[in-house]
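Student: have a look; sequence and predicted model below, questions after that.
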Amino acid sequence: MSAATYPPGLRKNFEAAGVVCVPGVLSTHALKLAQAAFEWTLHHPGPGAGAVLAGTPGVFYQDQANPEAFPAYRTLLIYTVLPDLAAALFGCDNVWLMYEQIWLKEGAATRRTPWHQDLPYLPAMGKDLAVMWINLDPVDKAQSLEFVTGSHRGPLYNPTAFNPDDVGASLFDPDSWPALPDVDARPQDFSIVSWAVVPGDIIVFHPATLHGGASTQTGKRRRTLSLRFFGDDVWVASRPHDGMANIDGLKHDDGGRHPLKKMALAPHGVPFRHPEFPQLRPHPGRSASIL
């Protein structure tokens with residue numbers, strides 16, 4: 001799929017809703033590269049690998065921001081349509097990878113992921129941010145992620161602590177951040193969207209967009225590759241915990257090697273840039289062909 005064949009109004013819809021679904025964007029070859037990247041991470045656990053909502057039924061595993069991952073992801077990230085899609089949504093020429101992440105759910109019916117925003121966990125703010133949710137297995141709408149459209153425009157809420165015993169537990173000081181709304185208790189008050197997806201489809205959302213759900217049924221397996229990109233309009237944002245909350249695998253001992261950790265200590269409001277973030281567009285070594 002080239003930029004000319006993206007659904008009409010894709011960038012406008014992304015800016016307005018904070019989330020879009022792009023069906024069939026990955027070619028067969030690109031999908032194989034995504035599967036290979038997932039398997040590499042699964043078999044090469046990084047410092048942030050581990051269970052999510054530990055102690056609950058089934059396998060709910062994630063790994064992310066592995067400093068060793070980029071060589072295994074390089075072809076997928078440079079020679080496929082993925083960074084071009086990010087550039088089209090941002091409306092800018094420059095695209096960098098922030099970090100990669102995988103999710104694996106299997107073995108039993110897993111619980112819903114609590115409603116949350118990704119951005120409060122990250123030392124970044126700005127318009128040109130995108131998370132690409134790439135599923136390697138078909139996902140019914142009932143088990144897909146749900147999103148509150150327009151929620152990326154604010155406010156940022158006190159993020160969930162992903163406490164398996166208390167899904168309402170907040171991570172930060174309650175006096176400094178507004179509490180997450182109870183979306184499940186009042187779904188009629190929110191504009192909620194979700195999509196059934198098959199391999200090759202991509203859901204793209206701004207990390208400030210409220211999202212949750214994505215439970216699984218017994219006997220179902222879901223493998224998800226989540227890629228986080230940024231463009232020109234992104235700035236360092238001060239966060240509690242030195243910008244690296246001890247949640248979701250982000251606060252771990254990798255020797256401070258990942259550039260995300262280095263930016264977490266940069267002054268608030270400076271451009272979110274570091275030479276160790278792989279720049280994907282423009283890329284001088286990329287040929288004109290797209291896989």
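Tutor: Now that the structure is in, tell me what you want to look at.
Student: just give me the neighbour total for D128.
Tutor: If you count neighbours by other Cβ atoms under 10 Å, D128 ends up with 22. Every residue, glycine included, has its C-beta placed from N, CA and C.
Student: ok, now which ones touch it?
Tutor: By Cβ atoms under 8 Å, 6 or more residues apart in numbering, the contact set of D128 is 90, 92, 230-234.
Student: could you give me the ChimeraX selection string for whichever of these are buried?
Tutor: To isolate the buried ones among these in ChimeraX, judged by 16 or more other Cβ atoms under 10 Å, type:
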select :90,230,231,232,234
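Student: show me the contacts of D128 that map onto helices.
Tutor: Within the contacts of D128, residues falling in helices by DSSP state H are F90.
Student: dump the contacts of D128 into CSV; add pLDDT and distance to K141 as well.
Tutor: As requested, the contacts of D128 are arranged in CSV below (pLDDT from 0 to 100; distance: Cβ to Cβ, whole Å):
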residue, pLDDT, distance to K141
F90, 97, 28
C92, 94, 32
F230, 98, 29
G231, 98, 30
D232, 98, 34
D233, 98, 32
V234, 98, 31
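Student: with respect to T149, which of the contacts of D128 is nearest?
Tutor: T149 lies nearest to F90 out of the contacts of D128, by Cβ to Cβ, at 18.9 Å.
Student: which elements pack onto the helix or strand of the chain with the lowest mean pLDDT?
Tutor: Every helix and strand of the chain was ranked by mean pLDDT, DSSP states H and E. The lowest is strand 50-51, at a mean of 80. Judged by 3 or more Cβ pairs under 8 Å, 6 or more residues apart in numbering; DSSP states H and E, strand 50-51 is in contact with strand 59-64.
Student: chain center to the strand it packs on: distance?
Tutor: Relative to the mean C-alpha coordinate of its chain, strand 59-64 is positioned 13 Å out (Cα atoms, centre = their mean, to the nearest Å).
Student: following element in sequence after the longest strand anywhere in the chain, please.
Tutor: The single longest strand within the chain, with elements called by DSSP state E, is strand 95-106. Sequence-wise, the next helix or strand downstream of strand 95-106 (DSSP states H and E) is strand 113-116.
Student: what's near enough to touch the closest residue to L26 other than its chain neighbours?
Tutor: Counting by Cβ to Cβ, 6 or more residues apart in numbering, the nearest residue to L26 once its immediate chain neighbours are dropped is G200, at 4.6 Å. Under the criterion of Cβ under 8 Å, 6+ apart, the neighbours of G200 are 23-28, 31.
Student: please repeat the previous calculation with a cut-off of 10 Å.
Tutor: Contacts of G200 were listed using Cβ atoms under 10 Å, 6 or more residues apart in numbering, and they are 1, 22-28, 30-31, 34, 134-136.
Student: pLDDT weak spots in the stretch 101-250 of the chain?
Tutor: For the stretch 101-250 of the chain, residues meeting the criterion pLDDT under 70 lie at 107-111, 161, 163-168, 241-250.
Student: please redo it, this time with the cut-off set to 80
Tutor: 107-113, 160-176, 214-219, 241-250 (pLDDT under 80).
Student: which residue ranges of it form strands?
Tutor: With strands called from DSSP state E, counting those that start in this stretch, the stretch 101-250 of the chain shows them at 113-116, 124-126, 129-135, 145-148, 192-194, 202-205, 211-213, 222-230, 234-236.
Student: I figured M98 hits Y121, correct?
Tutor: No. Counting by Cβ atoms under 10 Å, M98 stays clear of Y121, with 11.8 Å between them.
Student: so the one residue sitting closest to the centre of the chain bridges to which residues?
Tutor: Central residue of the chain (Cα atoms, centre = their mean): V131, 3.8 Å from the mean position. Using DSSP bridges, the bridge partners assigned to V131 are F205, R228.
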